[in-house]
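Chemist: compute the structure for the input listed below.
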Amino acid sequence: MVNTFKRNIRLGLGISLLALILSSTASYVSIRKLLESNEWLNHTSVVIQGLDDILSRMKDVETSQRGYLLTGDQVFLEPYTGSREDVTTDVDHIQLLTADNKWQQKDIPYLNSLINQKYAIVDRTISDKKNGISVTKTSLLEGKGIMDHIRKQIHLMKYREHQLMVARTSRVNRFATFTPLLILLASLVAVVVTFVFYRRMKANLADNQFLMEELERKEKSTQKNIAMISNLAEQLAKGNYDVRIKDNDLKPPRDNPF
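Modeler: Numbers count the residues shown, from 1 in each chain. As a prediction, the model looks like this:
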């Protein structure tokens with residue numbers, strides 16, 4: 001009985017410990033995946049914002065060009081001045097952020113080529129204006145066509161990032177749903193295991209208590225019989241041969257019905 005009690009304790013502790021280790025490991029992995037998915041989601045947002053910044057700067061360049069060509073006032077060139085370096089920095093940043101995306105990496109040189117062509121036309125028209133040379137409609141239409149291609153290319157690259165964002169958002173939601181369920185399941189398993197082995201140990205304790213009480217009853221019965229036999233021997237030693245022990249006197253007490 002003692003061995004059974006010890007075995008139940010060891011088994012219960014072992015299963016509880018195993019459930020704790022498994023649930024802790026699974027929860028750790030799930031939370032790590034959730035954090036990684038959130039990081040990638042933020043990463044996608046940064047890429048989209050970077051593409052928006054490039055398009056916004058190119059619009060400012062085009063607006064500066066038109067304002068200067070119409071008025072000849074140098075104040076319109078303020079957004080244009082120094083914008084080339086900012087756009088180059090933005091493109092380099094996008095290239096670095098999308099290093100793991102072969103399609104984006106493939107299109108970045110094309111986008112960079114369009115930007116260079118746009119700046120070449122803007123530079124030429126502004127220079128012609130400064131030198132008193134009339135800007136032709138052909139040059140303006142060429143610049144507009146290149147700007148349209150820049151918009152389309154940036155929209156395409158943003159579309160790819162939005163698709164990634166949808167996939168990554170779905171992954172975040174999946175892990176966000178899975179993690180609490182996993183923790184709840186692990187807690188439920190731990191409660192069930194604890195309850196089951198509590199009942200088993202309680203039953204073992206009750207059995208042990210019953211055995212101890214039974215042993216105490218048998219010990220009392222044995223002591224009573226010994227005392228009775230000792231008394232009989234004493235009486236016989238004194239020459240009293242009429243004393244007898246009844247059969248019922250030596251019967252052990254009845255077992256506890258419970």
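Chemist: contacts and neighbour counts: CA atoms only from here.
Modeler: OK.
Chemist: average pLDDT across stretch 184-193?
Modeler: For stretch 184-193, mean pLDDT rounds to 74.
Chemist: what's the answer for stretch 169-177, then?
Modeler: In this model, stretch 169-177 has a mean pLDDT of 73.
Chemist: helices and strands around the biggest helix by length in the chain, which ones?
Modeler: Using DSSP state H, we find that the single longest helix of the chain is helix 137-237. Here helix 137-237 touches helix 2-71, helix 102-130, going by 3 or more CA pairs under 8 Å, 6 or more residues apart in numbering; DSSP states H and E.
Chemist: weakest of those by average pLDDT?
Modeler: Ranked on mean pLDDT, the bottom entry among the helices and strands packed on helix 137-237 is helix 2-71, at a mean of 81.
Chemist: could I get the buried residue list for the helix or strand just after that helix?
Modeler: Next in sequence after helix 2-71, counting helices and strands by DSSP states H and E, comes helix 83-97. For helix 83-97, a neighbour-count test (16 or more other CA atoms under 10 Å) marks 83-84, 87, 90-91, 94-95, 97 as buried.
Chemist: farthest-separated two in those?
Modeler: The two members of these with the most space between them (CA to CA) are 83 and 97, at 21.0 Å.
Chemist: show me which of the buried residues of helix 83-97 is closest to residue 113.
Modeler: The closest of the buried residues of helix 83-97 to residue 113 turns out to be residue 91 (CA to CA; 11.1 Å).
Chemist: am I right that the closest one is in contact with residue 55?
Modeler: No: counting by CA atoms under 8 Å, residue 91 sits too far from residue 55 to count as a contact (10.6 Å).
Chemist: if I pick residue 169, what's in contact with it?
Modeler: Counting by CA atoms under 8 Å, 6 or more residues apart in numbering, residue 169 touches 37, 41.
Chemist: got any ranges where the stretch 151-258 of the chain has weak pLDDT?
Modeler: Within the stretch 151-258 of the chain, the segments meeting pLDDT under 70 span 175-176, 179, 201, 204, 232, 235-258.
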